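Q: Give me a 3D structure for the following:
(one chain, ligands or ions: 2)
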Amino acid sequence: MGLEVKILGLRYTVGRVEILKGVSAGFPEGEITCVVGPSGAGKSTLLRAVNRLIEPAAGEVYLDGSPTSGMDPLLLRRRVGMVFQLPALFGVTVEDAILYGARLAEKDADAVRLLEMVGLDPLLGRKDPQTLSVGQQQRVSIARALALEPEVLLTDEPTSALDEASRRRIEDLIRELNTRLELTIVLVSHALDQVERVADRVVLLVAGRSEGEWSKEEFFSGECGERARLFISGRL
Ligand code: ADP
Ligand code: MG
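A: Numbers count the residues shown, from 1 in each chain. Ligands and ions are numbered 1, 2, ... in the order given. Presented below is the predicted three-dimensional model:
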């Protein structure tokens, strides 16, 4: 089961540069929200703040209404999993790589079941992860995140290093996990064709500010405000 994420007035500064300038957004329970925006808008920074890989200067992230600032970041990251742009797998075998986080958390997990869940042959479990294709490695990193049985999965441009066919398969997997596990999923994407295939909702971030959130239908039919229309037409 997923849970609802709410972000209120999030600010993050590096030196004198304000990267997030008061971002508010919601990721509803059990839905796939795509976070879009121009390069440098702060999309990755926002996900990192939700996962507490960075500490915001102000604002709050709520999980089902509870503020996360008082939570132990390690416990928070078990409930809110993260998949990055490039898979970075640790371990001698694929099985080690999948169980990496679960072992640290002293949590039981079944690598074979997880491999099946992400559509990989369980026989791959014995292989060196570096011998897998990047698309397969990205599935392994999704399996690693799922091993902790998160309620929310954050994914930061998980397909941008993949070829078109692998990209489509990861998109299908994301939709399938959302349906099967009722996971709340956040997908940062710069590809509008992908957003159209995968999203339930869309959040637009521009220059460190949230510009609005819409259903996918509202967003793509232009019922979304001038900034979003400019972004869709590639003029932002
Ligand atoms: P996006 O993912 O939307 O492309 P990012 O969140 O990666 O954007 O970055 C937003 C802005 O913040 C960019 O201008 C980036 O250069 C800057 N930035 C991000 N992290 C740091 C950092 N640790 N130090 C300095 N600048 C950073
Ligand atoms: Mg980014």
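Q: Give me the next element, helix or strand, following the longest helix along the chain.
A: In the chain, assigned by DSSP state H, the helix with the most residues is helix 164-181. The helix or strand immediately downstream of helix 164-181 is strand 184-188, counting by DSSP states H and E.
Q: helices or strands next to that following strand in the packing?
A: Using 3 or more CB pairs under 8 Å, 6 or more residues apart in numbering; DSSP states H and E as the contact test, the elements touching strand 184-188 are strand 32-36, helix 43-50, strand 152-156, helix 164-181, helix 192-198. All C-beta spots, glycine's among them, are computed from the backbone N, C-alpha and C.
Q: same for the first one, what does it pack against?
A: Read it as strand 32-36. strand 17-27, helix 43-50, helix 164-181, strand 184-188, helix 192-198, strand 201-206.
Q: Is any residue of that strand near ligand 2?
A: No - on the criterion CB under 5 Å from the ion, strand 32-36 is out of touch with ligand 2, staying 9.5 Å away.
Q: From the chain's centre, how far out is that strand? Work that out for me.
A: 9 Å (CA atoms, centre = their mean, to the nearest Å).
Q: Who does that strand pair with, and is each partner parallel or antiparallel?
A: Partners of strand 32-36 in the sheet, by DSSP bridges, are strand 184-188 (parallel), strand 201-206 (parallel).
Q: can I get those strands in TSV with distance to ligand 1 and mean pLDDT?
A: Output for those, formatted as TSV (distance: least, CB to the nearest ligand atom, whole Å; pLDDT from 0 to 100):
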stretch	distance to ligand 1	mean pLDDT
strand 184-188	7	98
strand 201-206	7	98
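Q: out of the helices and strands packed on strand 184-188, nearest to ligand 1?
A: Among those, helix 43-50 comes nearest to ligand 1, with 3.3 Å by CB to the nearest ligand atom.
Q: now that closest one against strand 201-206, angle please.
A: Inter-element angle recorded for helix 43-50 and strand 201-206: 110 degrees (by axes from the mean of the first three to the mean of the last three CA atoms, to 10 degrees).
Q: Send me the very next helix or strand once past helix 43-50 as PDB with only the CA atoms.
A: As assigned by DSSP H and E, the chain's next helix or strand after helix 43-50 is strand 58-63. In PDB, the C-alpha atoms belonging to strand 58-63 read as follows (Å, rounded to 0.1, in the frame of the first residue of the first chain):
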ATOM      1  CA  ALA A  58      12.700  25.600   5.400                       C
ATOM      2  CA  GLY A  59       9.500  23.800   4.700                       C
ATOM      3  CA  GLU A  60       8.300  20.400   5.500                       C
ATOM      4  CA  VAL A  61       7.500  17.000   3.800                       C
ATOM      5  CA  TYR A  62       4.600  15.100   5.200                       C
ATOM      6  CA  LEU A  63       3.900  11.300   4.900                       C
END
